[in-house]
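Peer 1: sequence and predicted model, in that order:
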Amino acid sequence: MTTLHIPVLVEQTIQFLINRPTGIYVDCTLGTGGHFQAIAQHLDNDAYLIGIDADPSAVQYCEQNISISQPHQFITANFADIKRICYRAGFPKVDGILMDLGLSSFALDNPERGFTYSQDGPLDMRFSPDTAQTAMDFINTAPMKELALVFKEYGEERYSYNIARRIITDRDKNPIKTTGQLASIIREEVPKQFQIKTLSRIFQAIRIQINQELEALPQGLSDAVSLLAPSGRIVVISYHSIEDRIVKQFFKKEASDCICPPDFPICQCNHHAQLKILTHRPIVPSKSEIERNSRARSARLRAAEKL
């Protein structure tokens, strides 16, 4: 059994997402369906919902355990495929799209998935079994420069080079196959007071690399906005500064009529604003929510409306 995912910023998500109770809504990161069910509770019975997740076990769980009054469907896919999914479902336009970019407890609490450093398990970290490369493949084959770059860029970790160098040294003796082995290496290379944060950052960086999360996000955002009907809403919850920056810059660009360089005397881009930003600063969890759910600590919610 796994601890079910507690949805983050759920009241704020509903507040910004639902603008038409009879509309069509897409949860791009289904998990165990916490946000999905909360959305359904605030919609009329003739609304329609689509739930998407790259993890087939999450989709299977929702199919077996979620019962709502509205017509709906669950689909195993990456959210970067949202346009294809909605078109195939017969919905060229939708009224609301949610992207919760955090890792669900459904995956995190299962040591066999390899996402957590707190329990020993195989170094996997794939959202989808169709992903070719596992974390074990990456850790045991990537050159030191690539390891250090991934740890630095995706984990923003100060000890990236030290950890990469130690991985190379250890894997030359024996392959690194488990989360316990990797966590032990990290602990030995980092001062005790920084170990927990460093473990989180390195595991996060590897997960982002394996699942190509930052590559999928811009495509998913672009296709999501193209799907929105006028006055439709998009809500994105991110947990990583790089993800949040991508969302912030995307919203800013799509809320601007001109994206030419500032020194251009005349606009040449022919760009037209598609969005109105609803959250000029990110919405963050309250102290009480963080006390109830520690995994909400780094959450940042941004929302926008289609013009």
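Peer 2: Structure's in. What do you need?

Peer 1: for stretch 110-125, C-alpha coordinates in PDB please.
Peer 2: Taking C-alpha atoms only, stretch 110-125 is exported to PDB below (Å, rounded to 0.1, in the frame of the first residue of the first chain):
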ATOM      1  CA  ASN A 110       6.800   3.000  -3.500                       C
ATOM      2  CA  PRO A 111      10.500   2.000  -3.100                       C
ATOM      3  CA  GLU A 112      10.300  -0.200  -6.200                       C
ATOM      4  CA  ARG A 113       9.900   2.900  -8.300                       C
ATOM      5  CA  GLY A 114      13.300   4.300  -7.100                       C
ATOM      6  CA  PHE A 115      12.200   7.900  -6.600                       C
ATOM      7  CA  THR A 116      12.900   8.000  -2.800                       C
ATOM      8  CA  TYR A 117      16.200   8.000  -1.000                       C
ATOM      9  CA  SER A 118      14.500   7.200   2.300                       C
ATOM     10  CA  GLN A 119      13.900   3.500   1.400                       C
ATOM     11  CA  ASP A 120      16.200   1.100  -0.600                       C
ATOM     12  CA  GLY A 121      15.000   0.100  -4.000                       C
ATOM     13  CA  PRO A 122      16.100  -0.300  -7.600                       C
ATOM     14  CA  LEU A 123      17.300   2.900  -9.300                       C
ATOM     15  CA  ASP A 124      14.500   3.300 -11.800                       C
ATOM     16  CA  MET A 125      12.700   6.800 -11.600                       C
END
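
Peer 1: outline the domain layout of the chain.
Peer 2: Using automatic domain parsing, the domain parsing of the chain gives 10-106+213-306, 117-211.

Peer 1: reformat those domains as CSV; add mean neighbour count and mean pLDDT.
Peer 2: Every C-beta, even on glycine, is put in place using the N, C-alpha and C of the backbone. CSV is the format used below for those (neighbours: other Cβ atoms under 10 Å; pLDDT from 0 to 100):
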stretch, mean neighbour count, mean pLDDT
domain 10-106+213-306, 18, 94
domain 117-211, 18, 96
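
Peer 1: what segments of the protein are strands?
Peer 2: Taking DSSP state E to define them, one finds strands in the chain at 24-27, 48-53, 72-76, 94-100, 228-238, 275-277, 300-306.

Peer 1: in its sheet, what does the third one sit against?
Peer 2: Read that as strand 72-76. Its sheet considered, strand 72-76 pairs with strand 48-53 (parallel) by DSSP bridges.

Peer 1: now what about the strand it pairs with, what contacts it?
Peer 2: Contact partners of strand 48-53, identified using Cβ atoms under 8 Å, 6 or more residues apart in numbering, comprise 23-31, 33, 36, 39-40, 43, 59, 62, 68, 70-79, 81-82, 85-86, 89, 91, 94.

Peer 1: now, these that are in helices?
Peer 2: Taking DSSP state H, the ones among these that sit in helices are 36, 39-40, 59, 62, 82, 85-86.

Peer 1: from these, which is closest to residue 206?
Peer 2: In terms of Cβ to Cβ, no member of the ones in helices among the contacts of strand 48-53 lies closer to residue 206 than residue 59, at 23.7 Å.

Peer 1: correct me if wrong: the closest one contacts residue 77.
Peer 2: No. With contact defined as Cβ atoms under 8 Å, residue 59 does not count as touching residue 77 (9.0 Å).

Peer 1: turn the ones in helices among the contacts of strand 48-53 into JSON lines, columns for distance to residue 237.
Peer 2: Below are those laid out as JSON lines (distance: Cβ to Cβ, whole Å):
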{"residue": "36", "distance to residue 237": "14"}
{"residue": "39", "distance to residue 237": "13"}
{"residue": "40", "distance to residue 237": "18"}
{"residue": "59", "distance to residue 237": "20"}
{"residue": "62", "distance to residue 237": "18"}
{"residue": "82", "distance to residue 237": "16"}
{"residue": "85", "distance to residue 237": "20"}
{"residue": "86", "distance to residue 237": "20"}
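
Peer 1: this completes my enquiry, with thanks.
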